[in-house]
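Q: fold the following for me, if possible:
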Amino acid sequence: SKFELHGDETSGELLEALSKIGAHDVLVSIEMIRKGSTPSPQKGSASLAPKISKKETRIDWRSEGALIERMIRAFQPSPGAWTIFRDQRVTITSAHIATGAGAPGAIISKEPLTIATGQGVLVVTRLQSSGRRELTAREWVRGSRISPEDRFE
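A: This is a model prediction of the structure:
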């Protein structure tokens, strides 16, 4: 089956949508087996998807903003793309790229929460501090009392 991507899906959203398509395709396959149809061979070679390590899910703010944004979507809802803020682990659950510049990891703006990357900036919309519930960026900023020297590592 074919599935068109829009470019803003998270892996969790894709899993849900593809599981519905897959369930339908399994029923079609069962019917083909019942009728004795020969399946079409796989196109291309098989690929391996190794387990994702925690190291791979850590955000490197020196990377391009578009890459970080895709990483956040790819690791949402699990295992989550994370960073360090004031020696605490913070998982960024939703963000989008924007134009701008600054030192990678620097907080460019608190409203909206904007973080500089290696190329461009990332506007964070939702995040979750370790052991806490997920918050909007506005709620998180209010509770964090960000100072000018604070940055994401």
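Q: all contacts plus neighbour counts: C-alpha atoms, from now on.
A: OK.
Q: give me the number of residues near residue 6?
A: Residues contacting residue 6 under the criterion other C-alpha atoms under 10 Å number 6.
Q: so it is in which element?
A: Using DSSP states H and E, residue 6 sits within no helix or strand.
Q: now residue 24, what's its secondary structure?
A: Secondary structure assignment for residue 24 (DSSP: H, G, I helix; E, B strand; the rest coil): helix.
Q: what does residue 48 give?
A: coil.
Q: how about the contacts made by the residue nearest to residue 148 when sequence neighbours are not counted?
A: Leaving aside its sequence neighbours, residue 148 sits nearest to residue 107 (C-alpha to C-alpha, 6 or more residues apart in numbering; 7.9 Å). Neighbour list for residue 107: 113-116, 148, 150-152 [criterion: C-alpha atoms under 8 Å, 6 or more residues apart in numbering].
Q: who's residue 107 bridged to?
A: residue 115 (DSSP bridges).
Q: closest to residue 137 among the contacts of residue 107?
A: residue 113 (6.2 Å; C-alpha to C-alpha).
Q: hmm, who's touching the lowest-mean-pLDDT helix or strand in the chain?
A: Between all helices and strands in the chain, the lowest mean by mean pLDDT, DSSP states H and E belongs to helix 11-35, at a mean of 82. The contact list for helix 11-35 (C-alpha under 8 Å, 6+ apart) reads 1, 3, 38-39, 73-78.
Q: any idea how far that helix is from the middle of the chain?
A: 24 Å (C-alpha atoms, centre = their mean, to the nearest Å).
Q: can you list the buried residues in it?
A: residue 11 (16 or more other C-alpha atoms under 10 Å).
Q: I'd like the next helix or strand past that helix.
A: Remark: after helix 11-35, the chain's next helix or strand is helix 65-74, criterion DSSP H and E.
Q: and that following helix, what other elements does it pack with?
A: Judged by 3 or more C-alpha pairs under 8 Å, 6 or more residues apart in numbering; DSSP states H and E, the packing partners of helix 65-74 are strand 88-98, strand 121-129.
Q: right, so those strands: which one is the most enclosed?
A: Compared across those, strand 121-129 shows the largest average neighbour count, a mean of 22 (mean count of other C-alpha atoms under 10 Å).
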